[in-house]
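Participant: Below is the sequence, then the predicted model.
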Amino acid sequence: MQAARVRLPVGVYKAFEVSRGSEGEALFRQVTSDLSIEEREYFSFCFYDKEEGIRHWLYNDKKILKQLKNLPQEFSFEVKFYPTTPTTIVDDHARYYVFLQLRRDILTGRLPATADTHALHGSFVVEMTIKCIKCYFFF
């Protein structure tokens, strides 16, 4: 068994145990289960080649070690595909993590868009933040 270090959407790192010959799907199932995500199709892992600074996506159907090519087992759990209409996401946990990354991508300038699109995305972030605050008061 080896520890894979994963940066979660909330910004913290957590270690997950995977066997040496595991495919990406084994790690993906562990993380999505840990985060209680049911709508998994929007998410994936990426890793960075520190020498070239290039981001690579981890394929779930291929062995992890073959994809890393001597890089450390350090991943970022991120949104790979933004839904065209984020409000259609049914799973509250999936919606929350999509909006966390959406907010981060808007703040860092990673998501290029017009001012109108930024305003629309910002309204989605505010809506999700308010829903999350209400959730905390009811539990």
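Facilitator: Now that the structure is in, tell me what you want to look at. Computed from a predicted structure; not experimentally measured.
Participant: C-alpha from now on. contacts and neighbour counts both.
Facilitator: Will do.
Participant: Centroid-nearest residue for this structure?
Facilitator: Centroid-nearest residue in the chain, with C-alpha atoms, centre = their mean: residue 78, separated by 2.2 Å.
Participant: average pLDDT across the one helix or strand that one maps to?
Facilitator: Using DSSP states H and E, the element containing residue 78 is strand 74-79. Across strand 74-79, pLDDT averages out at 94.
Participant: what's the offset of it from the middle of its chain?
Facilitator: Distance, stretch centre to chain centre, for strand 74-79: 5 Å (C-alpha atoms, centre = their mean, to the nearest Å).
Participant: Walk me through the domains of the protein.
Facilitator: For the chain, automatic domain parsing gives the domain ranges 2-79, 86-138.
Participant: Where among the ones you listed is average confidence lowest?
Facilitator: domain 86-138 (a mean of 75).
Participant: mind listing the strands for the chain?
Facilitator: 2-7, 13-18, 43-49, 54-57, 74-79 (DSSP state E).
Participant: Can you add distance to residue 100 and give these back as CSV?
Facilitator: Shown next, in CSV, are the strands of the chain (distance: least, C-alpha to C-alpha, whole Å):
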stretch, distance to residue 100
strand 2-7, 13
strand 13-18, 15
strand 43-49, 12
strand 54-57, 19
strand 74-79, 10
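Participant: Bridging across strands, which residues link to the residue nearest to the centre of the chain?
Facilitator: Counting by DSSP bridges, residue 78 is bridged to residue 44.
Participant: how about it, what does it touch?
Facilitator: The contact partners of residue 78, by C-alpha atoms under 8 Å, 6 or more residues apart in numbering, come to 8, 9, 43, 44, 45, 46, 101.
Participant: Not counting sequence-adjacent ones, nearest residue to the fifth one?
Facilitator: So that's residue 45. residue 77 (4.6 Å; C-alpha to C-alpha, 6 or more residues apart in numbering).
Participant: now swap in the third one and tell me
Facilitator: Closest residue in space to residue 43, ignoring its immediate chain neighbours: residue 79 at 4.4 Å, by C-alpha to C-alpha, 6+ apart.
Participant: Could you count how many residues lie near that neighbour?
Facilitator: 22 (other C-alpha atoms under 10 Å).
Participant: Give the full set of residues in contact with it.
Facilitator: 42, 43, 44, 98, 101.
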